[in-house]
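Student: Model the following, please.
(2 chains)
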Amino acid sequence: MHDEYLENFRAGDPLAASRLMSIVERGGPPAQGVLDAVYPLTGAAHRIAVTGGTGAGKSTLIDAFVARFRGAGERVGVVAEDPTSPLCGGAILGDRIRMQSAVGDPGVFVRSIASRGGDTGFSTVAVDLADVLDAFGCGIVLLETTGVGQNEHRVRHAADSVVVVLTPEAGDDVQGLKAGILEIADVIAVNKRDRPGAEAFAADLADTLSMREPADGWSARVVTTCATRGDGIGDVFAAIAAHENYLRADGRRAKRRAEGLYERVRAIALARAAAALQHDAGATHRIVEAVRAIESGALTPWRAAATVVEALWHDGDNTSNTDHEVIG
Amino acid sequence: MRERPVRVLLAKPGLDGHDRGAKVVASALRDAGMEVIYTGLHQTPEMIVEAALQEDVDVVSVSILSGAHMTLIPRLRELMNAAGLTDVPLVGGGIIPDEDADTLRSIRGIAEIFGPGTDTRDIVPYIRNLVSPQN
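Tutor: Coordinates of the predicted model:
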């Protein structure tokens, strides 16, 4: 089944791409097989994360980006993440409503996913799906996420360029988030610029940014937009293009990707170690034993935990578990 | 391996602009733990098929209040089959008279038609059972 899908995938069949993505989403050894086969085909796409609060206008901006990139002849992939309800586990994924300009264009592939339990809004599976789209031949992969929270740097590590979308009324909220947002943003779009205070807010952001030492020669550019009217889209696009050019020089993109890979491998390893502790029968047994040892006075909880962790390393490779734990 | 939640595409084909019913159903399915991809109003059958294909949903559902159901629903089924989505069931709902509903149900791949007054408590278990009949 997977082999047939993979063969059709390589021949450019979107249904095969879609079904492979579902296998990746379900995790486990089949997902591992697909990702192993697909990963060597990745690397050509420029990945752009578009992040910001709910209702800031991310989907509408992405719709405009898609039209622009299509105009430039690029195949475009979009992974749009919406939050899962923590109460019922369900989700309404509505990003497609605002992404209508790409409809009917075989050069655009949009996939919606739910964050599925990640309160930081950015799951490893989103990055895996971006890999599939990259391997499918999309020269541009857009990652939409509400992942502005305590783990903004995860978004940064998943993309070559990060566009943070804010609205003028986000002013006070941003005071609290500022450090994180400014650190990950390569481009800041102050959307809904038709609303009062937009220009002042953008100027204030630019002012704050100018007081910071640019990281590796790039300071985030601030632009204002009104995505629903298409105003300012050219400015955002130019800022993204400038960032892409900046990355091309001096091996910066390779360096940034290496940092991202470091975080990714670490996150996968962490998730696996956690899964092994949680689901592995041997580990459960050892913890039960450890509790007895503590009760009998032979061990302290710290020594006991150390033996449990120690034993995990010696358990061999019985944890071929690729459950996509949400990072963070 | 993880279970993926049931994924449902919910679309409003054609020209009618009333999506309150669709939104009520979307909320009910969400509350039942499903992932609902809502594509909004005024979708052509071609647009719906494209979304279903890219999202790899378990079920496609459409809400039609315009009276064009006898054209739109069979057309959608045809296009789904042509796109290789023969294994994805199609469910419809809206202002659909009983005789039309019977005719539509007799078409292969059209699983069910929910008429006016259908309780969401009937729709949710129906969809769940449609996707995984064992449960």
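Student: distance of residue B:87 from residue B:130?
Tutor: 12 Å (C-beta to C-beta, to the nearest Å). Every C-beta, even on glycine, is put in place using the N, C-alpha and C of the backbone.
Student: In the stretch 1-150 of chain A, mark out all the strands, start to finish.
Tutor: When assigned using DSSP state E, counting those that start in this stretch, the strands of the stretch 1-150 of chain A occupy the ranges A:46-52, A:76-82, A:91-93, A:108-114, A:140-145.
Student: Between residue B:87 and residue B:130, which has more neighbouring residues?
Tutor: Taking neighbours as other C-beta atoms under 10 Å in any protein chain shown, residue B:87 and residue B:130 compare with residue B:130 leading, 16 against 9.
Student: Please list all residues in contact with that one.
Tutor: In this structure, residue B:130 makes contact with B:59, B:89, B:91, B:111, B:112, judged by C-beta atoms under 8 Å, 6 or more residues apart in numbering or on different chains.
Student: thinking the last one is in contact with residue B:96, fair?
Tutor: No. Under the criterion of C-beta atoms under 8 Å, residue B:112 is not in contact with residue B:96, lying 11.0 Å apart.
Student: Please save the CA atoms from the longest helix anywhere in chain B in CSV.
Tutor: In chain B, taking DSSP state H as the definition, the longest helix is helix B:69-82. Taking Å, rounded to 0.1, in the frame of the first residue of the first chain, the C-alpha atoms of helix B:69-82 are listed here in CSV:
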residue,chain,number,x,y,z
HIS,B,69,-29.6,18.9,-4.5
MET,B,70,-30.6,16.6,-7.4
THR,B,71,-28.0,18.2,-9.6
LEU,B,72,-25.2,19.0,-7.1
ILE,B,73,-25.1,15.8,-5.0
PRO,B,74,-24.9,13.3,-7.9
ARG,B,75,-22.4,15.5,-9.7
LEU,B,76,-20.3,15.7,-6.6
ARG,B,77,-20.3,11.9,-6.2
GLU,B,78,-19.3,11.5,-9.9
LEU,B,79,-16.4,13.9,-9.5
MET,B,80,-15.3,12.2,-6.2
ASN,B,81,-15.2,8.9,-8.0
ALA,B,82,-13.2,10.4,-10.9
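Student: Output the contacting helices and strands for it.
Tutor: On a contact count with 3 or more C-beta pairs under 8 Å, 6 or more residues apart in numbering or on different chains; DSSP states H and E, helix B:69-82 meets helix B:45-55, strand B:59-64, strand B:90-94, helix B:98-105, strand B:110-114.
Student: In JSON lines: these, plus mean neighbour count, mean pLDDT and distance to residue A:235.
Tutor: Shown next, in JSON lines, are the helices and strands packed on helix B:69-82 (neighbours: other C-beta atoms under 10 Å in any protein chain shown; pLDDT from 0 to 100; distance: least, C-beta to C-beta, whole Å):
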{"stretch": "helix B:45-55", "mean neighbour count": "23", "mean pLDDT": "95", "distance to residue A:235": "30"}
{"stretch": "strand B:59-64", "mean neighbour count": "25", "mean pLDDT": "96", "distance to residue A:235": "39"}
{"stretch": "strand B:90-94", "mean neighbour count": "24", "mean pLDDT": "95", "distance to residue A:235": "43"}
{"stretch": "helix B:98-105", "mean neighbour count": "14", "mean pLDDT": "95", "distance to residue A:235": "50"}
{"stretch": "strand B:110-114", "mean neighbour count": "20", "mean pLDDT": "95", "distance to residue A:235": "47"}
